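A.B. asks: Generate a structure from the sequence data that follows.
(one chain, ligands or ions: 2)
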Amino acid sequence: MSKKFKEAKGITLAPLRPHLKWIVVGFAFFISLGSIWYTNNLVEQIREREQRQIEIYASSLEFLATASDNFLMIFDEIVSANHTVPVILTDISGAPEFHRNLPKADRLMGEEKSEYLNLEIGRMREEREPIEVTLTDDAGNVYGTKFIYYKNSFLLSQLTYYPYIQLSIIALFGVITFLILNYLRKVEQDHVWVGLAKETAHQLGTPLSSLMAWSEYFKDLYPEQKEALLEFDKDVDRLKVITDRFSSIGSEPQLAKFNIVDTIDEIVIYLQKRLSTKIQMTVSAFPGRDIEARIHQSLFAWVIENLCKNAADAMEGKGSIHISVLRANEGRIAVDVKDTGKGIPKKKIVNVFRPGYTTKKRGWGLGLTLAKRIIEQYHQGKIFVKHSEINKGTTFRIYLNG
Ligand SMILES: Nc1ncnc2c1ncn2[C@@H]1O[C@H](COP(=O)(O)OP(=O)(O)OP(=O)(O)O)[C@@H](O)[C@H]1O
Ligand SMILES: [Mg+2]
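C.D. replies: Residues are numbered from 1 along each chain as shown. Ligands and ions are numbered 1, 2, ... in the order given. The predicted model follows:
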């Protein structure tokens, strides 16, 4: 388990997945290797056996040549016992005289048949060397030479490909299982997010209405405290915004077209008051300020707030945050949030959107997970680290639909 997934307030948010994935991949690799090795072994054994079988035929042919004039007929009888290995017997010039276990040749006649047999002889020669049979009579005089051509039986050729076909099917099955499990995991995560968000909004709702009522009551009771109570109202309003965000996360948010530059300006005004005075926030727009995007204002604000808070943390309270809006291809709108903070090491960039990944003492590692969810699921947009350089700064890019 990586130390970067820190144990926050006693709760481990560390995902085990990265390790588990490699263990499963390693295991699958060894099983595949074992299976291929085992089948190759079998193939080799059967191959040797088939070769020995043909060699026995060859020696029996040599033997029969001395014993009988009708040796070809007797050879046919012996070879009949072989139901698997395709064989062609030729004379010294290579003309086929006899064949076995070539069903296609049995179906053909005349010219076509000899053409096919010649083709097969070529193929067989590529696969295995033919066996030369020397025919001698009783007196030991050589009176002829024959060649036995043969190739792997159908069973053997099938067996050669078998592990690859088998492994492909298993791999396909594995991929399908992985996709289904991944889908189920996502559905489950959705349930947790939505359920938790809805419940939070619901729980906050009741005390919030009560606080609003109390504020009105105190304003009537202590008119001289109006100023203080207006500050109190601001906090209540903020709580209302938070409740609204949670309830939006818990339901299908309705997107609408807004001037994105104005929206960002408002967020910046709100944030500027809360961040250190040593942090300068600026906004720019290209080609002009008149850029609209389809957003859910309050959820989008949540994303920008999270990015700016991370930026402020990365700059340790001093530096500048620049947000630029520009029209991108295909009617999309790009929003860049650029800071002058400590940057993210290249290797760690893949981790930043993972739930539970944090490098902060008091972080939950949920800010960017939430931002990704809001942008990609609710806005059908994209969010990613566009650029990061150690001790120079980081730029996050968001794509929205226009
Ligand atoms: N602008 C940035 N510059 C440098 N590092 C960053 C930046 N933004 C995010 N990070 C890194 O990514 C991590 C994850 O960020 P994320 O917002 O998800 O969680 P967090 O800020 O640690 O905790 P919280 O849940 O409170 O937001 C951070 O801990 C930090 O290491
Ligand atoms: Mg954060």
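
A.B. asks: residues from the stretch 301-402 of the chain in reach of ligand 2?
C.D. replies: Asn310, Gly367 (Cβ under 5 Å from the ion). Every C-beta, even on glycine, is put in place using the N, C-alpha and C of the backbone.

A.B. asks: run the last query once more with 6 Å
C.D. replies: Asn306, Lys309, Asn310, Gly367 (Cβ under 6 Å from the ion).

A.B. asks: which residues touch the last one?
C.D. replies: So that's Gly367. Asn306, Lys309, Asn310 (Cβ atoms under 8 Å, 6 or more residues apart in numbering).

A.B. asks: Distance-wise, check it relative to ligand 1.
C.D. replies: Using Cβ to the nearest ligand atom, to the nearest Å, Gly367 is found at 3 Å from ligand 1.

A.B. asks: Would you state the predicted confidence (pLDDT) at that residue?
C.D. replies: Taken from the predicted model, the pLDDT recorded for Gly367 is 95.

A.B. asks: one step back: may I see the ChimeraX selection of the buried members of the residues of the stretch 301-402 of the chain next to ligand 2?
C.D. replies: The buried subset of these, as determined by 16 or more other Cβ atoms under 10 Å, is captured in ChimeraX by this line:
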select :306,310,367
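
A.B. asks: Identify, from the residues of the stretch 301-402 of the chain next to ligand 2, the entry nearest to ligand 2.
C.D. replies: Checking those against ligand 2 with Cβ to the ion, the nearest one is Gly367 at 2.7 Å.

A.B. asks: Arrange the residues of the stretch 301-402 of the chain next to ligand 2 in a markdown table, one row each, with distance to Ile92 as further columns.
C.D. replies: Formatted as a markdown table, those follow (distance: Cβ to Cβ, whole Å):
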| residue | distance to Ile92 |
| --- | --- |
| Asn306 | 87 |
| Lys309 | 91 |
| Asn310 | 86 |
| Gly367 | 86 |
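
A.B. asks: Break down the stretch 151-300 of the chain into its strands, ranges please.
C.D. replies: Here the stretch 151-300 of the chain has its strands, by DSSP state E, counting those that start in this stretch, at 256-259, 279-286, 292-295.

A.B. asks: Neighbouring strands of the longest one in the sheet, and parallel or not?
C.D. replies: If I follow you right, that is strand 279-286. With DSSP bridges as the test, strand 279-286 is paired with strand 319-327 (parallel).

A.B. asks: Could I get the average pLDDT for the strand it pairs with?
C.D. replies: 96.

A.B. asks: for stretch 167-174, same thing?
C.D. replies: For stretch 167-174, mean pLDDT rounds to 89.

A.B. asks: Can you list the neighbours in contact with that stretch?
C.D. replies: Residues outside stretch 167-174 that contact it (Cβ under 8 Å, 6+ apart): Ala28, Ser32, Ser35, Ile36.

A.B. asks: Which members of the residues you listed are classed as buried?
C.D. replies: By 16+ other Cβ under 10 Å, the contacts of stretch 167-174 give Ser32, Ser35 as buried.

A.B. asks: How is this structure partitioned into domains?
C.D. replies: The record's domain split for the chain, according to automatic domain parsing, is 21-152, 175-247, 256-401.

A.B. asks: Deepest in the core, which of those domains is it.
C.D. replies: The highest mean neighbour count among the domains of the chain, using mean count of other Cβ atoms under 10 Å, belongs to domain 256-401: a mean of 17.

A.B. asks: first vs last residue of that one, how far apart are they?
C.D. replies: The first residue of domain 256-401 is 11 Å away from its last residue (Cα to Cα, to the nearest Å).

A.B. asks: Use 35 as the first number for this chain going forward.
C.D. replies: In the new count, where the first residue is 35, that last one comes out as domain 290-435.

A.B. asks: just for this protein, where's the confidence low?
C.D. replies: 35-52, 100-109, 111-114 (pLDDT under 70).

A.B. asks: Those residues of it touching ligand 1, which are they?
C.D. replies: Residues of the chain found near ligand 1 (Cβ under 6 Å from any ligand atom) are 340, 344-345, 348, 373, 375-378, 386, 391-394, 397-403, 428.

A.B. asks: Try it again at 8 Å.
C.D. replies: 340-341, 343-345, 347-348, 371, 373, 375-378, 382, 385-387, 391-394, 396-405, 422, 427-428, 430 (Cβ under 8 Å from any ligand atom).

A.B. asks: For the residue nearest to Ser285 when sequence neighbours are not counted, give its distance to ligand 1.
C.D. replies: With Cβ to Cβ, 6 or more residues apart in numbering as the criterion, Ser285 has its nearest non-adjacent residue at 7.4 Å, and that residue is Lys232. Separation of Lys232 from ligand 1 (Cβ to the nearest ligand atom) stands at 20 Å.

A.B. asks: thinking again about what came up before, looking at the strands of the stretch 185-334 of the chain, which is nearest to His225?
C.D. replies: Smallest distance to His225 across those (Cβ to Cβ): 25.0 Å, for strand 326-329.

A.B. asks: Would you give the sheet partners of that closest one, along with the direction of each?
C.D. replies: Strand 326-329 pairs in its sheet with strand 290-293 (antiparallel), by DSSP bridges.
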